[in-house]
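**Student:** Kindly return the folded structure for what I paste below:
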Amino acid sequence: MATGTEVLRMLRPNGGWVIYGDDFDGIQFLECEPLTKKEFEDGFAKVDAWKAEEQAKAQVKKSEAEAKLAALGLSLEDLKALGLG
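**Tutor:** Prediction:
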């Protein structure tokens with residue numbers, strides 16, 4: 001689950017805000033355009049979706065790397081034994 005800080009980092013990446021806790025009432029907009037409460041609350045789903053997408057991409061890359069190792073006749077244990085994993 002996303003945090004309020006993660007939501008603000010995604011929606012206002014250049015900063016200009018402070019948040020106490022994870023709810024809208026804990027935000028102080030100092031040097032940036034304020035968000036609406038709805039934008040903030042909708043941001044939680046956006047961050048969670050982005051995290052899931054990044055995890056899926058990482059899993060694909062891991063699977064591709066494992067397939068390349070297998071094609072070379074190697075495993076993750078072989079890499080670890082060589083000090084590379």
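**Student:** from what I can see Phe44 touches Val7, true?
**Tutor:** Yes - counting by C-beta atoms under 8 Å, Phe44 touches Val7, with 5.8 Å between them. (Each C-beta comes from the backbone N, C-alpha and C, glycine too.)
**Student:** Pick out whichever of these two has more residues nearby.
**Tutor:** Taking neighbours as other C-beta atoms under 10 Å, Phe44 and Val7 compare with Val7 leading, 25 against 17.
**Student:** Please tell me how far the more buried one sits from Glu64.
**Tutor:** 31 Å (C-beta to C-beta, to the nearest Å).
**Student:** what about Ala56, which helix or strand?
**Tutor:** helix 37-71 (DSSP states H and E).
**Student:** name the helices or strands packed onto that helix?
**Tutor:** helix 4-11, helix 76-81 (3 or more C-beta pairs under 8 Å, 6 or more residues apart in numbering; DSSP states H and E).
**Student:** Show me what counts as buried in stretch 51-61.
**Tutor:** Using 16 or more other C-beta atoms under 10 Å as the test for burial, stretch 51-61 gives no buried residues.
**Student:** How about stretch 10-28?
**Tutor:** Neighbour count says stretch 10-28 has 11-12, 17, 19, 22, 24, 27 buried, by 16+ other C-beta under 10 Å.
**Student:** and the helix holding Ala56, what's its mean pLDDT?
**Tutor:** On average, the pLDDT along helix 37-71 is 95.
**Student:** Could you check the angle it makes with helix 4-11?
**Tutor:** 90 degrees (axes from the mean of the first three to the mean of the last three C-alpha atoms, to 10 degrees).
**Student:** and helix 37-71, how far out from the chain's middle?
**Tutor:** 8 Å (C-alpha atoms, centre = their mean, to the nearest Å).
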